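Chemist: with the sequence up front, the predicted model follows.
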Amino acid sequence: MLENFIRVTLLVISHSISLYVISVPKESLRRPFLFWALITVFAELVLAIMLVPQGYVLNMAVLAYLFIYVLYLSAFAYASFWPVKCSVFIFSLYAAYFMLSYMIADFLGKMFFDNDTVMMSWIRTAFSAALIVIYPLFIKKPLVKMAEGTFSGWGSLIFFGVVACIFVSVISFAGSFLVSNAVLYSAMILFMSLFLISAFVIVIKIVGLMNDVSQRKAMEVQNALLQSELESEKALVDSARSFRHDMKRHCVVVSSYIEEGRSKEALDYLGTLVGSIGKSTPHRFTGNPVVNALLMMTARRIAAIDGEFSFDVALPENIDIPSPDLAVVFGNLLENAYEAAEKTSRPSISVYSKCIGNAIHGEIRNSMEGKPVRSGKVFRSTKPGGGQGLRNVLSVLEELGGMLDMKEEDGFFIARFIIPFGSIAGK
């Protein structure tokens, strides 16, 4: 009985520590270590009742593993910062890895340790320790990128993960109870190891392609909006030029009214003329056409919800930064600012940007409700599948050698950025 208790304890503790490391705890989960400690105690008690008195019996083992799957999956989905669907997929991969370690431990126990179940548990624990070391170095980054960037297709990924887990579990149990040939057993282990590694690499590649497609679609939409704004601005400029071309004729008309003593008609004509000037004069926020178009769009949107828009932007028409990169940085940050501000009772956005030395320094400040939640280098979006815009901003800034700093302060969200150009950017 003592051996069974040791085996159960190693199983539960290795699960809890592994999942604690893999999960990215929610901000609302104030004490994640305490949470996983309570899960460990509960799992230990239940599994001790199920497995310790009876020993390792097949039907009780299956029930025990089903129970621990459900318990740890629920805890992982609740405690993890990632969306529920993503948590289910990641947990299914972890469960498949655990069953593979179970299979290898069983094989080594039969071959070298005379079916010593405690030694098998120590071997499984060693696999958990290896995962804890390997995960932050090689696995965490692609998983986090996948979790943050995939907008659709979770159903297929979860189906794949669950099928892989069931497949490995069935093979593991079959090998443990039915296969006595060491060569066949080792061949099964080799096959399952290659299967899991290949499947993981394929999934990451597929998800990477999905993210690229989503990113391209978002860029296409943003570029279309920017092009529309630039065309609108060009139309206003053309209208203003046309008006200036006709100014001499307008002056002749007003002069003739005054000479004839028809002051009322002259005033009416001037009033109409001033109104048309206001309609045909484009609002210039700054000299750079790309940034100006994005500011015009944001100003119209914030005015439509009775919000406040202030700016102090002084950028030249020509900057040694590709226009698409400027559009990504300013466009996404202004879009996020508007989406946060529109949810408040007093929407407001203020924009500051100037060239200092060989870099654009900028700050976008917007009103917000609640507290932002950080996920890695960026803050998590409240939109389903949101956050891609900030990742695009970071990608552009990293390429140009810039930086982005974001924080919440007194009910306002502040994004400060630096975009090098010229010699600093290495161009």
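Modeler: Now that the structure is in, tell me what you want to look at. Numbering: from 1, shown residues only.
Chemist: buried ones in stretch 192-205?
Modeler: Of the residues in stretch 192-205, those scored as buried under the neighbour-count criterion (16 or more other C-beta atoms under 10 Å) are 192, 195, 196, 199, 200, 203. Every residue, glycine included, has its C-beta placed from N, CA and C.
Chemist: now what about that stretch, what contacts it?
Modeler: When contacts are taken as C-beta atoms under 8 Å, 6 or more residues apart in numbering, the neighbours of stretch 192-205 outside the stretch itself are 93, 96-97, 100, 103, 142, 146, 157, 160, 164, 168, 171-172.
Chemist: wait, what's in contact with the nearest residue in space to residue 65 that is not next to it in sequence?
Modeler: With C-beta to C-beta, 6 or more residues apart in numbering as the criterion, residue 65 has its nearest non-adjacent residue at 7.6 Å, and that residue is residue 169. Residue 169 makes contact with 65, 95, 96, 99 under the criterion C-beta under 8 Å, 6+ apart.
Chemist: next, give me the two most distant ones among these.
Modeler: Largest separation among those by C-beta to C-beta: 65 and 96, giving 12.8 Å.
Chemist: of the two, give the one with the bigger neighbour count.
Modeler: Relative neighbour count places residue 96 above the other of residue 65 and residue 96, with 25 against 21, counting by other C-beta atoms under 10 Å.
Chemist: show me what the helix or strand harbouring that one is packed up against.
Modeler: Residue 96 is located in helix 84-112, with elements delineated by DSSP states H and E. Packed against helix 84-112 by the contact rule (3 or more C-beta pairs under 8 Å, 6 or more residues apart in numbering; DSSP states H and E) you find helix 2-22, helix 58-79, helix 117-134, helix 140-149, helix 154-178, helix 182-245.
Chemist: mean pLDDT for the ones you listed - can I get that in a markdown table?
Modeler: As requested, those are exported to a markdown table (pLDDT from 0 to 100):
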| stretch | mean pLDDT |
| --- | --- |
| helix 2-22 | 89 |
| helix 58-79 | 87 |
| helix 117-134 | 92 |
| helix 140-149 | 71 |
| helix 154-178 | 83 |
| helix 182-245 | 70 |
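Chemist: of all these, which one comes closest to residue 35?
Modeler: Each of those has some distance to residue 35 by C-beta to C-beta; the shortest is helix 58-79, at 5.8 Å.
Chemist: over to residue 363: give its phi and psi.
Modeler: Phi and psi for residue 363, reported as degrees, to the nearest 10, are phi -150, psi 130.
Chemist: so which strand or helix has residue 266?
Modeler: Assignment of secondary structure by DSSP H and E places residue 266 within helix 263-280.
Chemist: wait, residue 42
Modeler: For residue 42, the secondary-structure element it belongs to, assigned by DSSP H and E, is helix 32-51.
Chemist: with only the CA atoms kept, save that helix in CSV.
Modeler: Extracted in CSV, the C-alpha atoms of helix 32-51 (Å, rounded to 0.1, in the frame of the first residue of the first chain):
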residue,chain,number,x,y,z
PRO,A,32,-2.0,30.6,-8.7
PHE,A,33,0.4,28.5,-6.6
LEU,A,34,-2.1,28.2,-3.8
PHE,A,35,-4.8,27.3,-6.4
TRP,A,36,-2.6,24.4,-7.8
ALA,A,37,-1.7,23.3,-4.3
LEU,A,38,-5.4,22.8,-3.5
ILE,A,39,-6.0,21.0,-6.8
THR,A,40,-3.0,18.7,-5.8
VAL,A,41,-4.5,17.9,-2.4
PHE,A,42,-7.9,17.1,-3.8
ALA,A,43,-6.5,14.9,-6.6
GLU,A,44,-4.3,13.2,-4.1
LEU,A,45,-7.2,12.3,-1.8
VAL,A,46,-9.5,11.0,-4.5
LEU,A,47,-6.8,9.0,-6.3
ALA,A,48,-5.6,7.6,-3.0
ILE,A,49,-9.1,6.3,-2.4
MET,A,50,-9.3,4.9,-6.0
LEU,A,51,-5.9,3.4,-6.4
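Chemist: what is it packed up against?
Modeler: With contacts taken as 3+ C-beta pairs under 8 Å, 6+ apart, helix 32-51 sits against helix 2-22, helix 58-79.
Chemist: so how far is that helix off the chain centroid?
Modeler: Here helix 32-51 shows a centroid-to-chain-centroid distance of 32 Å under the convention C-alpha atoms, centre = their mean, to the nearest Å.
Chemist: next, the angle from it to helix 58-79.
Modeler: Between helix 32-51 and helix 58-79, the angle formed by their directions is 170 degrees, by axes from the mean of the first three to the mean of the last three C-alpha atoms, to 10 degrees.
Chemist: residues making contact with helix 32-51?
Modeler: For helix 32-51, contacts defined as C-beta under 8 Å, 6+ apart pick out 4-5, 7-9, 11-13, 15-17, 19-20, 23, 25, 29, 60-61, 63-64, 67-68, 71-72, 75, 79.
Chemist: circling back: which among the contacts of stretch 192-205 count as buried?
Modeler: When neighbours are counted using 16+ other C-beta under 10 Å, those contain these buried positions: 93, 96-97, 100, 103, 142, 146, 157, 160, 164, 168, 171-172.
Chemist: ok so, going back, can you put the helices and strands packed on helix 84-112 in CSV and add distance to residue 107?
Modeler: Putting the helices and strands packed on helix 84-112 into CSV (distance: least, C-beta to C-beta, whole Å) gives the following:
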stretch, distance to residue 107
helix 2-22, 17
helix 58-79, 17
helix 117-134, 9
helix 140-149, 28
helix 154-178, 7
helix 182-245, 5
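Chemist: out of those helices, the one nearest residue 262 is which?
Modeler: Closest approach to residue 262 among the helices and strands packed on helix 84-112 (C-beta to C-beta): helix 182-245, 23.3 Å.
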